[in-house]
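1. My questions are about this predicted structure, shown below with the sequence.
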There are 2 protein chains.
Amino acid sequence: MELEELRKLATSSPSKIVLFVMDGLGGLPIETGGLTELESARTPNLDALAAKSICGLHEPVGPGITPGSGPGHLSLFGYDPLKFEFGRGVLEALGVDFELKGTDVAARGNFATESGGLITDRRAGRISSEESAKICHLLQKNVRLPGVELFVIPVKEHRFALVFRGEGLSDKLTETDPEKEGRPAPKVLPLEPAAQGSADLANSFIDQAQKLLANRSNANMVLLRGFAKYPNIPTLPQLYGLRAAAIASYPMYRGLGKLVGMDALRTGETLKDELATLAENYDKFDYFYVHFKRTDSAGEDGDYDRKVRAIEEVDREIPELLRLEPDVIVVTGDHSTPSVLRGHSWHPVPVMLYSKYCRPDAVAEFSERGCAGGALGRFKATELMPLALANALKLSKFGA
Amino acid sequence: MELEELRKLATSSPSKIVLFVMDGLGGLPIETGGLTELESARTPNLDALAAKSICGLHEPVGPGITPGSGPGHLSLFGYDPLKFEFGRGVLEALGVDFELKGTDVAARGNFATESGGLITDRRAGRISSEESAKICHLLQKNVRLPGVELFVIPVKEHRFALVFRGEGLSDKLTETDPEKEGRPAPKVLPLEPAAQGSADLANSFIDQAQKLLANRSNANMVLLRGFAKYPNIPTLPQLYGLRAAAIASYPMYRGLGKLVGMDALRTGETLKDELATLAENYDKFDYFYVHFKRTDSAGEDGDYDRKVRAIEEVDREIPELLRLEPDVIVVTGDHSTPSVLRGHSWHPVPVMLYSKYCRPDAVAEFSERGCAGGALGRFKATELMPLALANALKLSKFGA
């Protein structure tokens, strides 16, 4: 159902929904016939919850499509990621807790190494975050663009976020990353006539940066990608009247929550901290998004055992979550990150939805194989939000 | 596949399809870990049919969406209820077997109690059907609207159907129900300029009714909702060349059948009567919709045991249905009505489709849990009509 149709059905109820996201949850066996990380992990609490839940496997974007973190989360929040696209620049700025305004244009920047007009290293040898921060500071202090405020914000290693703030800016701009070494970096071109001024600004930034960095042997060039404005997304409060909160220790996930109208709550580094924040704020909100990062990090690093341990850490904290007696609990991931692939993957993601009214299926093990036999089947992740709302009795009847 | 595409594939065959609808069939356990109404019921005949059928769970409107009776049935007849919406007024008129014409505008009326310009009881204390019928008669006899024929038809308790018949009427009108007591009832407003005349008629009806009822202490006001014209739906005869019949003891369901081009057959009060009607008319039609109401009524009343008994009553009559040897039998509900929720719900609905060619799955128990493991999976209810037609060999090949 379209969001505008759902909006008409939204009704208030005193119930609480918790969406618990284990980032990159889905996995793969190391060898054919083996177990996935989730299947290997000892998860008595998750399994007991699965036995009372309805289970399935969700597809964040579509069959065969490997989601980025943005699309993976948007779909869990009920937004079709094919309709609500937003550029990498916005995600990068959100990721460093930058307060993006609606008229800002953000881009993702890379420091790169150039020689004789050709890019010789697109990541400048992955320079340290400290060195990168110094270069950002240099550019922030010395680059001047007429009529535009500029922010050059360090992210991590060679990556930075670039934000232009001013009137009449456009994000309809081409990228300058040549994608392969040994090629020149193209100029920024406008994708529509009205973007000419913004293209000129971006090219002027690149020229000035190049001059300021000319005496360096590496990181003497900048590459810009993913020019984007803050997307115009109807928020969860607007759509469903939800008071929604994001509890995430990583800035980017707080940013993703803010994008859809959540309050990003201050919390600590650990899962225990996050659950303490949940408990402290439990009365103030109807919907909580809790994010756990380390399942994904372990998968990205190709560390099967560490991913297993991260899952087991979550399992140990599940009683703490249950103690609050949320009316609806959804436990899932935003995508799969099998350690054997060392990155995000297209595999559908295990999910369980618990409520008093969930109509449990026969699944009693929270795992890829278990969830494949669940009554939710394999389904679009965007269906989770209406299902959670329905189970919380927050949707009224459609039609007479 | 879109209806217009399906229409091109329709082909005639001598086979018979029976769609047997147990209203509000789907249910829930009373307590977590318990059985649903259908799982509790002793249903040897339904189970035996399930073993020869292909099973699944259908979603009438979409995940998490609780369907009204209109949308629930439309989807079983193959119409996307998000595309073919129709207003409460039409459903109300159909419910009393009123012969609605294409140019009529129908509304749902409530008798309400007003004092000092504020609505003090939106249902006039749920006055008796007898008293309501008297007031309807009074209004029918005395209200005069220039150039328009008027019908004020009693429904039940405080509810009535109002129909305007004339040329150039519009249903693009706002409602007058203030939705909460202690507020004034707003005037009917046109939603488009061409609806001004119809708004004037509706307001004149309200004014005259108020004057005629002024000496009453309750039920001295009317509230109007759901202005609607008969929807323009391509019928089953038009789409598939089907001779289709509705067999339902309740008027509203006969009306829903008529909406899509079915002949509404005269029948009695009981399921035995309905099946006798089916047998008597078996040669005259290709497609039969048989409706059984009491599963829903019991669910709405929160009476788990009565719903179980209603299901068992159906089970006992299944041999009578099988005796006719329909080529295709679909047994399902139009939505779920778990007695624990005392109303319609969003839960997908058990369904089995039997035909000689159905390719049965392993399901041998007609139940929520059984059907969750069926080969149809969880799917859109609109898929049932093409599946039934295909199993009846009434659809030709698509493409060369």
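-> Structure received.

2. B:Gly34 versus the closest residue to chain B within the stretch 51-200 of chain A, what's the distance?
-> Among the residues of the stretch 51-200 of chain A, A:Lys52 lies nearest to chain B; the distance is 5.6 Å by CB to the nearest CB. The C-beta positions use only the backbone N, C-alpha and C, and glycine is treated the same way. Relative to B:Gly34, A:Lys52 is positioned 12 Å away (CB to CB, to the nearest Å).

3. Give me the more crowded residue out of those two.
-> More neighbours surround A:Lys52 than the other of A:Lys52 and B:Gly34, with 16 against 12 (other CB atoms under 10 Å in any protein chain shown).

4. Now for that one: which residues touch it?
-> A:Tyr354, A:Cys358, A:Pro360, B:Thr32, B:Gly33 (CB atoms under 8 Å, 6 or more residues apart in numbering or on different chains).

5. Can you tell me which of those residues comes closest to A:Arg216?
-> Distance to A:Arg216 across the contacts of A:Lys52 (CB to CB) is lowest for A:Tyr354, with 55.4 Å.

6. Test my guess that the closest one contacts A:Thr332.
-> No. Judged on CB atoms under 8 Å, A:Tyr354 makes no contact with A:Thr332 at a distance of 11.7 Å.

7. more neighbours, the two?
-> A:Thr332 (26 against 23).

8. for chain A, longest helix please?
-> If you go by DSSP state H, chain A has its longest helix at helix A:304-322.

9. Which residues does the following helix or strand past it contact?
-> Next in sequence after helix A:304-322, counting helices and strands by DSSP states H and E, comes strand A:328-332. The contact list for strand A:328-332 (CB under 8 Å, 6+ apart) reads A:15-22, A:25, A:46, A:49, A:53, A:58, A:76, A:321-322, A:349-355, A:366, A:384, A:388, A:391-392.

10. same deal with stretch A:235-242?
-> Outside stretch A:235-242, the residues that reach it (CB under 8 Å, 6+ apart) are A:3, A:6-7, A:10, A:12, A:77-78, A:243-244, A:260-262, A:285-287, A:389, A:394.

11. Pick out the residue of chain A closest to chain B.
-> A:Pro386 (3.1 Å).

12. Next to chain B, which bits of chain A? Give me the list.
-> Proximity of chain A to chain B (CB under 8 Å from any CB of the partner chain) is limited to residues A:1-2, A:5, A:9, A:52, A:356-357, A:359-362, A:373, A:375-377, A:379, A:383, A:385-391, A:395-400.

13. Take those residues and keep only those in helices.
-> Checking the residues of chain A next to chain B against DSSP H, those in helices are A:Glu5, A:Leu9, A:Met385, A:Pro386, A:Leu387, A:Ala388, A:Leu389, A:Ala390, A:Asn391.

14. Which among those residues count as buried?
-> Neighbour-count burial (16 or more other CB atoms under 10 Å in any protein chain shown) applied to those gives A:Leu9, A:Met385, A:Pro386, A:Leu387, A:Ala388, A:Leu389, A:Ala390, A:Asn391.

15. got the residues you listed as a markdown table, with pLDDT columns?
-> Converted to a markdown table, those look like this (pLDDT from 0 to 100):
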| residue | pLDDT |
| --- | --- |
| A:Leu9 | 96 |
| A:Met385 | 98 |
| A:Pro386 | 98 |
| A:Leu387 | 98 |
| A:Ala388 | 98 |
| A:Leu389 | 98 |
| A:Ala390 | 98 |
| A:Asn391 | 98 |
